[in-house]
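1. what's the 3D shape of this:
(one chain, ligands or ions: 1)
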Amino acid sequence: MSTTPFEKTPGWLDWYAGPAKPRFVLPPGSVDAHCHVFGPGAEFPYAPERKYTPCDASKRQLFALRDHLGFARNVVVQATCHGADNRAMVDACLASAGRARGVATVRRSITDAELQQLHTAGVRGVRFNFVKRLVDFTPKDELMEIAARVAELGWHVVIYFEAVDLPELWDFFTALPTTVVVDHMGRPNVTQPVDGPEFSLFLRFMAEHENVWSKVSCPERLSVSGPRALNGEQAAYRDVVPFARTVVERFPDRVLWGTDWPHPNLKDHMPDDGLLVDFIPHIAPTPELQRKLLVDNPMRLYWPEET
Ligand SMILES: O=C(O)/C=C(\CC(=O)C(=O)O)C(=O)O
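-> Residues are numbered from 1 along each chain as shown. Model (predicted):
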């Protein structure tokens, strides 16, 4: 039972308890390269400037899911409900015995010593979020300054934005001096054709910039016609498959996959994470593509010293 002093956002959907055991057997050493921890709020309070208040989702629960699904490692991405207070994410990395790396949110005021502490804890990237419902605006010159500082540590920049905003953000993104990792394929509108102007622009963004990678994650967030990953469904979110599969097949060495557990801000349903894993072979149909997506690429980015 939760003892959080926080009241969840009305209508909040809690993460799925008792997920199925995936039928798809993950390659040994697979990395869940996009997931979060929330609090627990009593230990790691949510940020005053947050746009939503989630249910708690602790490191212990995350690691139990990792083991249940068959992942070896996690990349814990700072969620906006914790603002630039990275303590919950750092605590998860430190408790993971080297099996978790982190992506932080930092402000311009962070000191070099604090950045170094994050590095020692396992942080290897910063996240710049441009989704307006999630964060207040941060000036681009501040973000560029942060990017230049973290480049010196060998970190990358994770960017999260809506597809309609890519044209306006293009110049900023293409000026970033690091590897750039796009969350959830830049959130395409999957009711549009995969070869239509919107997604073609995203593919061009990746094709013309070899430092740009993409997470082919979050079908449950992008899908419009489903079916949902519930009740044993083995062919969930069919409308997202052509988009993700195109990215995996065109850029096999620059893609990552993650559960996005505990799935913040879903409105419609909460997926069974076991069935989400069963989505992977639909978008990465061969063992070679699967190994690159789940092992080789995330290891190169987050644990390069082991590759
Ligand atoms: O978990 C995600 O990747 C997506 C989110 C939440 C988020 O980014 C955050 O809170 O930081 C969303 O679309 O609401």
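2. give the contact list for the one residue in the stretch 201-307 of the chain that gets nearest to the ligand.
-> Here the stretch 201-307 of the chain gets closest to the ligand at one residue, N265, 3.6 Å apart by CB to the nearest ligand atom. All C-beta spots, glycine's among them, are computed from the backbone N, C-alpha and C. N265 makes contact with Y52 under the criterion CB atoms under 8 Å, 6 or more residues apart in numbering.
3. quick one: secondary structure of it?
-> coil (DSSP: H, G, I helix; E, B strand; the rest coil).
4. Give me the secondary structure label for the residue positioned nearest the centre of the chain.
-> Nearest residue to the geometric centre of the chain (CA atoms, centre = their mean): H34, 3.2 Å. The three-state assignment at H34 reads strand, by three-state DSSP.
5. wait, R99 sits on F71?
-> No: counting by CB atoms under 8 Å, R99 stays clear of F71, with 9.1 Å between them.
6. Work out the gap between the strand ranked longest in the chain and the centre of the chain.
-> Ranked by residue count under DSSP state E, the longest strand found in the chain is strand 123-129. Relative to its chain's centre, strand 123-129 lies at 10 Å (CA atoms, centre = their mean, to the nearest Å).
7. Can you report the mean pLDDT over the residues of it?
-> Strand 123-129 carries an average pLDDT of 98.
8. Quick check: closest non-adjacent residue to K51.
-> Once flanking residues are discounted, K51 sits nearest to L134: 5.5 Å by CB to CB, 6 or more residues apart in numbering.
9. isn't there a strand covering that neighbour?
-> No: secondary structure of L134 (three-state DSSP): coil, not part of a strand.
10. Verify the stated contact: it with T80.
-> Yes: the pair L134 / T80 is scored as a contact, 4.6 Å apart, by CB under 8 Å.
11. can you give me the strands in the stretch 1-150 of the chain?
-> Counting by DSSP state E, counting those that start in this stretch, the stretch 1-150 of the chain has strands at residues 31-35, 73-77, 100-104, 123-129.
12. Could you export the ones you listed as TSV, including distance to A17?
-> Listed next are the strands of the stretch 1-150 of the chain as TSV, based on distance: least, CB to CB, whole Å:
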stretch	distance to A17
strand 31-35	16
strand 73-77	19
strand 100-104	22
strand 123-129	27
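13. looking at those strands, which is closest to T178?
-> Closest approach to T178 among the strands of the stretch 1-150 of the chain (CB to CB): strand 123-129, 8.2 Å.
14. quick one: L230 and P271 touch, right?
-> Yes: using CB under 8 Å, L230 is in contact with P271, at 6.7 Å.
15. Quick check: the gap between L115 and V106.
-> 7 Å (CB to CB, to the nearest Å).
16. Same check on A235?
-> A235 is 40 Å from V106, by CB to CB.
17. what do you get for D67?
-> 30 Å.
18. Pull up the per-residue confidence for the closest residue to G39 other than its chain neighbours.
-> When the adjacent residues along the chain are set aside, G39 lies closest to D56, with 4.5 Å between them (CB to CB, 6+ apart). Per-residue pLDDT puts D56 at 98.
19. Is it correct that H36 is in contact with A57?
-> Yes: under the criterion of CB under 8 Å, H36 makes contact with A57 at 6.9 Å.
20. Looking at these two, which one has more neighbours?
-> Taking neighbours as other CB atoms under 10 Å, H36 and A57 compare with H36 leading, 26 against 23.
21. Next up, the contacts around the residue nearest to that one when sequence neighbours are not counted.
-> Nearest residue to H36, sequence neighbours excluded (CB to CB, 6+ apart): A79, at 4.2 Å. Under the criterion of CB under 8 Å, 6+ apart, the neighbours of A79 are 36-38, 54, 264.
22. re the thing from before, settle it for me: which of D67 and V106 has more neighbours?
-> Shown here are D67 and V106; by other CB under 10 Å, V106 has more neighbours (18 against 10).
23. for that one, phi and psi?
-> Per-residue torsions, V106: phi -130, psi 160 (degrees, to the nearest 10).
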